[in-house]
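> Okay, sequence plus prediction incoming.
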Amino acid sequence: MSYEFYQLEELIRECLSPEAISTKLADEKGAGRFLQKVKEKVQNLKTLLVNSVIAAPNELAAETLVQFSQKEISIYLHEILEYLDPKKHPNLPTTAVSFFSASSKELESVLSFILRHFTQYFDLEQPVTQSHKLIACQKLSKLIRDIKVQYKHDAIDVSLLNMVLRSVNNIITSKSEISYRRMKYMEELTEQLGKLTDSDNSIGNYIQFFDVIAEQLEEVGIPEKDLTIKLHIILLYLNYNSPQYISHCVKALWSKMRGHDRKQKLAILSLYGKLMKQLKSKPGFSFVPEYPSALQQISDWIEIESNYLTNKSSEDTELIMPEAPNTVGKIEKVAFGMSSARLAVVLNVFMSEEIKAITDQNVAKVFRTFSAVAITPGSDNLNPAGLRSKANNLRKEAVEWTTDFFYKCYTYLRRRHLNK
């Protein structure tokens with residue numbers, strides 16, 4: 001694989017040279033020959049990548065290979081896109097501009113190929129490329145416009161729908177980098193929002209329970225708009241666990257209980273608690289990855305409020321808003337004296353074939369567990385995918401610090417325990 005990337009890099013370097021731009025790429029036939037070479041290299045890479053992943057000895061080796069390929073292609077793509085900036089390169093020949101545009105699409109196709117066929121190994125925490133972001137945001141903008149028109153005259157919780165659409169629009173207008181995970185989530189969310197009225201929409205197999213849920217709500221005297229129920233089902237399935245959404249749900253529940261006696265309130269909470277247990281979130285999807293799921297946060301609030309009503313005889317209860325999550329279940333977190341990047345190096349060493357201090361083959365579980373219990377300087381909530389990404393792409397500073405750290409450990413053990 002390294003040789004294939006070396007050949008592609010050499011070809012790109014040749015194309016980006018001032019001599020090639022002013023001579024070979026200025027000629028339509030010359031640019032065409034270069035583009036054909038790029039296409040051939042790209043196709044070879046795709047084929048070789050599939051064969052190499054299949055032949056990988058284990059999951060970690062396959063993941064390392066895929067993420068190496070992803071990183072290399074992203075670097076080449078960034079360099080080519082620089083030449084499409086008219087402010088930096090205002091005098092490029094038209095044929096050269098066409099060549100760079102076509103080449104960027106070829107390289108982008110490799111990233112799309114990796115994301116589509118090796119999603120489980122793809123480093124979703126890496127920022128999307130400029131070209132990918134541009135295309136994706138144009139698609140999201142159109143979907144938002146269509147959704148607003150589609151539900152303009154429908155009975156739906158407009159404030160909730162607008163709140164969700166604003167979060168998507170914030171991604172579109174943001175000048176900051178956006179990860180593949182974030183973009184993938186927004187694309188799935190927006191696509192599903194446009195299918196609320198589809199009779200055959202079976203997202204998560206839960207829309208089929210729609211009629212049952214609607215009947216149950218009506219039985220306790222709190223009928224809900226049909227589309228609003230479907231909207232909540234989609235948001236819960238896709239784990240839209242934003243603090244604003246959790247707050248919206250809690251306030252809506254409190255509003256539904258207002259005016260009812262304690263027994264009726266408990267009946268309402270019991271019904272919603274049962275509904276939360278019937279639903280499941282889509283694996284790997286989360287609006288805020290470091291927070292517990294929306295289902296978990298709402299269920300926790302329902303449980304707390306139910307216990308309060310059960311144990312209190314007074315009807316004068318107060319709205320208890322959920323606190324910002326900082327723990328995972330009943331696990332108490334442990335403060336580490338190293339940054340997440342340095343912790344990632346330690347885990348990389350412990351899981352290596354040479355050391356085998358951690359022998360669990362479930363790599364995702366290892367990073368999930370350490371992220372759940374660790375507090376590092378500057379971060380109380382680690383993102384498992386982010387920690388895993390750092391372990392696969394070690395930072396030089398973190399490696400140097402960890403090397404010195406292990407040496408200090410060695411010195412400490414010799415001085416304190418071996419020389420007695």
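Arrived safely, thanks for sending.
> ends of stretch 374-391, how far apart?
Its start and end residues considered, stretch 374-391 measures 15 Å (C-alpha to C-alpha, to the nearest Å).
> which parts of that stretch are buried?
Using 16 or more other C-beta atoms under 10 Å as the test for burial, stretch 374-391 gives 374, 376, 379, 381-391. The way it works is simple: take the backbone N, C-alpha and C, and place the C-beta from them, glycine included.
> Let's have these in JSON lines, adding pLDDT, distance to Lys274 and secondary structure.
Output for these, formatted as JSON lines (pLDDT from 0 to 100; distance: C-beta to C-beta, whole Å; DSSP: H, G, I helix; E, B strand; the rest coil):
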{"residue": "Ala374", "pLDDT": "89", "distance to Lys274": "35", "secondary structure": "strand"}
{"residue": "Thr376", "pLDDT": "88", "distance to Lys274": "38", "secondary structure": "strand"}
{"residue": "Ser379", "pLDDT": "73", "distance to Lys274": "36", "secondary structure": "strand"}
{"residue": "Asn381", "pLDDT": "77", "distance to Lys274": "29", "secondary structure": "coil"}
{"residue": "Leu382", "pLDDT": "82", "distance to Lys274": "33", "secondary structure": "coil"}
{"residue": "Asn383", "pLDDT": "80", "distance to Lys274": "31", "secondary structure": "coil"}
{"residue": "Pro384", "pLDDT": "79", "distance to Lys274": "30", "secondary structure": "helix"}
{"residue": "Ala385", "pLDDT": "75", "distance to Lys274": "32", "secondary structure": "helix"}
{"residue": "Gly386", "pLDDT": "77", "distance to Lys274": "35", "secondary structure": "helix"}
{"residue": "Leu387", "pLDDT": "84", "distance to Lys274": "35", "secondary structure": "helix"}
{"residue": "Arg388", "pLDDT": "83", "distance to Lys274": "35", "secondary structure": "helix"}
{"residue": "Ser389", "pLDDT": "79", "distance to Lys274": "38", "secondary structure": "helix"}
{"residue": "Lys390", "pLDDT": "83", "distance to Lys274": "40", "secondary structure": "helix"}
{"residue": "Ala391", "pLDDT": "84", "distance to Lys274": "40", "secondary structure": "helix"}
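> so which of those residues comes closest to Lys142?
Checking these against Lys142 by C-beta to C-beta gives Ala385 as the nearest, at 28.5 Å.
> Not counting sequence-adjacent ones, nearest residue to the closest one?
Glu125 (5.3 Å; C-beta to C-beta, 6 or more residues apart in numbering).
> Check Gly337 too.
Pro377 (7.4 Å).
> I'd say Cys249 and Ile298 touch.
Yes: using C-beta atoms under 8 Å, Cys249 is in contact with Ile298, at 5.4 Å.
> These two: which has the busier surroundings?
Higher neighbour count among Cys249 and Ile298: Ile298, with 24 against 21, using other C-beta atoms under 10 Å.
> That one sits in which helix or strand?
Assigned by DSSP states H and E, Ile298 belongs to helix 294-311.
> Which SSE is immediately downstream of that helix?
strand 334-335.
> partners of that next one, with directions?
Strands that pair with strand 334-335, judged by DSSP bridges, come out as strand 374-375 (parallel).
> residues in contact with the closest residue to Glu106 other than its chain neighbours?
In space, and not counting its chain neighbours, Glu106 is closest to Val42: 4.8 Å by C-beta to C-beta, 6+ apart. By C-beta atoms under 8 Å, 6 or more residues apart in numbering, the residues touching Val42 are Leu8, Glu106, Leu107, Ser109, Val110.
> Once you drop chain neighbours, what's closest to the most centrally placed residue in the chain?
The chain has Arg181 as the residue nearest its centroid, 2.7 Å off, counting by C-alpha atoms, centre = their mean. Nearest residue to Arg181, sequence neighbours excluded (C-beta to C-beta, 6+ apart): Leu124, at 3.6 Å.
> Tyr291 falls within a helix, correct?
No: Tyr291 is assigned coil when assessed by DSSP: H, G, I helix; E, B strand; the rest coil, not a helix.
> What residues does it make contact with?
Here Tyr291 is in contact with Asn241, Pro243, Gln297, Pro325, Asn381 (C-beta under 8 Å, 6+ apart).
> Which members of the residues you listed are the farthest-apart pair?
Gln297 and Asn381 (13.6 Å).
> Show me the shaky parts of the stretch 101-250 of the chain.
By pLDDT under 70, the low-scoring segments of the stretch 101-250 of the chain are 153, 199-214, 216-217, 219-225.
> Thought Gln126 was touching Glu177, still the case?
No: using C-beta under 8 Å, Glu177 is not in contact with Gln126; the gap is 9.2 Å.
> any idea which element Ile147 lies in?
helix 130-150.
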